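Colleague: quick check, what structure comes out for this input:
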Amino acid sequence: MTLDQLRIFVAVAERQHVTRAAEALNLVQSAVSTAIANIEGRHATKLFHRVGRGIELTEAGRVFLVEARAVLARAEAAELVLADLSGMRRGTLALYASQTIASDWLPRHLVAFRRAYPEIAIRLAVGNTTDAADAVRAGQAELGFVEGALDDPTLASTTIAQDQLVLVVAPGHAFAEATHLEPENLAGVDWVLREAGSGTRSAFEAALGAAGLAAAQLRVTLELPSNEAVRAAVEAGGGAAVLSETVVAAALRAGTLVRAAFDLPSRPFRVLRHKERYRSRAADALLDLIATANAG
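Modeller: Numbering: from 1, shown residues only. A predicted model of the protein is given here:
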């Protein structure tokens with residue numbers, strides 16, 4: 001079994017679609033189908049259910065996906081060692097970032113890194129804080145950028161920046177004209193929040209607890225999986241929300257959102273690394289660039 005076959009299997013498994021996997025890998029569909037058939041045939045094991053025009057992982061496929069990802073992660077780690085030995089003239093740096101960081105904070109640092117090290121490719125995956133921690137723990141990413149608090153003995157967590165949370169509403173909302181809000185006022189309105197597991201939601205709920213209000217007291221009418229969806233729902237009058245100031249800055253300037261008079265604490269952006277895995281020069285170089293930019 002080759003690494004290319006493993007990459008094809010993982011791509012199909014993650015997308016549950018042969019054509020989309022082929023497009024992502026820049027392969028013809030027949031090559032992807034042949035690779036899957038060869039793996040299944042050689043080991044006499046079905047990895048996918050064919051359901052109509054779609055596919056789903058079998059139980060064997062789900063188990064194999066975990067191992068396939070681990071093997072590919074080790075291969076990438078080995079490649080990074082060779083990249084270091086070659087003076088960072090080649091290689092891939094695998095990153096995972098939470099949505100807030102990936103959309104609004106990290107891109108400028110990645111641009112600076114690519115200018116400094118054009119031979120190092122960057123592979124960035126995006127999810128919530130929990131997803132990022134899982135990826136670093138499993139070796140699928142060398143660095144995870146998160147805004148949520150984590151307590152994991154296998155991961156080293158270092159603060160790299162500060163972010164300000166703000167409470168925002170649409171211009172016609174009751175909070176828009178209020179000059180001061182108390183914690184108990186928050187329980188009387190509808191809320192649009194990120195999903196459980198997101199760093200933004202965790203930080204907001206921690207702030208509520210510090211103010212003496214339980215998160216369960218909020219009237220949550222919508223839970224949405226992205227900052228953009230939350231912002232759009234609030235702009236449409238769906239309720240109040242708490243988001244990063246960087247996420248809503250343009251909407252505040254445009255007047256489609258209003259910052260309500262309720263102070264929230266800043267929160268740290270953190271980078272996660274596995275304590276026992278190899279530290280590549282590429283990852284160190286990216287973190288050095290970020291530290292230099294923050295100092296400036």
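Colleague: what mean pLDDT does the helix or strand harbouring residue 14 get?
Modeller: Applying DSSP states H and E as the criterion places residue 14 in helix 3-15. For helix 3-15, mean pLDDT is 91.
Colleague: who does the one helix or strand in the chain whose mean pLDDT sits lowest touch, helix- and strand-wise?
Modeller: When each helix and strand of the chain is scored by mean pLDDT, DSSP states H and E, helix 59-85 comes last, with a mean of 83. Judged by 3 or more CB pairs under 8 Å, 6 or more residues apart in numbering; DSSP states H and E, the packing partners of helix 59-85 are helix 3-15, strand 92-98, helix 129-138, helix 281-295. Bear in mind the C-beta positions are built from the backbone N, C-alpha and C, glycine included.
Colleague: partners of the second one, with directions?
Modeller: Looking at strand 92-98 with DSSP bridges, its paired strands and their directions are strand 121-127 (parallel), strand 143-146 (parallel).
Colleague: got TSV for those, with mean pLDDT, distance to residue 78 and mean neighbour count too?
Modeller: Shown next, in TSV, are the strands paired with strand 92-98 (pLDDT from 0 to 100; distance: least, CB to CB, whole Å; neighbours: other CB atoms under 10 Å):
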stretch	mean pLDDT	distance to residue 78	mean neighbour count
strand 121-127	90	15	16
strand 143-146	95	17	28
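Colleague: reformat the ones you listed as a markdown table; add distance to residue 282.
Modeller: As requested, those are arranged in a markdown table below (distance: least, CB to CB, whole Å):
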| stretch | distance to residue 282 |
| --- | --- |
| strand 121-127 | 9 |
| strand 143-146 | 10 |
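Colleague: which one of those strands lies nearest to residue 224?
Modeller: Checking the strands paired with strand 92-98 against residue 224 by CB to CB gives strand 121-127 as the closest, at 14.5 Å.
Colleague: strands of the stretch 151-296 of the chain, start to end?
Modeller: Using DSSP state E, counting those that start in this stretch, the strands of the stretch 151-296 of the chain run over 155-169, 190-194, 219-224, 241-244, 258-259, 266-274.
Colleague: which pLDDT value belongs to the closest residue to residue 247 other than its chain neighbours?
Modeller: Closest residue to residue 247 apart from its sequence neighbours, by CB to CB, 6 or more residues apart in numbering: residue 227 at 4.7 Å. At residue 227, the model reports a pLDDT of 91.
Colleague: what sits against residue 227?
Modeller: With contacts taken as CB atoms under 8 Å, 6 or more residues apart in numbering, residue 227 has the following neighbours: 99, 100, 103, 194, 200, 243, 244, 247.
Colleague: report the two of those separated the most.
Modeller: Using CB to CB, the two most remote members of the contacts of residue 227 are 103 and 194, lying 12.7 Å apart.
Colleague: the more surrounded of those two?
Modeller: More neighbours surround residue 194 than the other of residue 103 and residue 194, with 25 against 17 (other CB atoms under 10 Å).
Colleague: wait, the more buried one touches residue 220, no?
Modeller: No. When contacts are counted by CB atoms under 8 Å, residue 194 is not listed as touching residue 220 (10.6 Å).
Colleague: so where is the protein shaky, pLDDT-wise?
Modeller: Where the chain drops to pLDDT under 70, the residues are 83-89, 296.
Colleague: ok, what's across the strand from residue 169?
Modeller: Residue 169 has the following beta-bridge partners by DSSP bridges: residue 258.
Colleague: tally of neighbours for it?
Modeller: With other CB under 10 Å as criterion, residue 169 counts 24.
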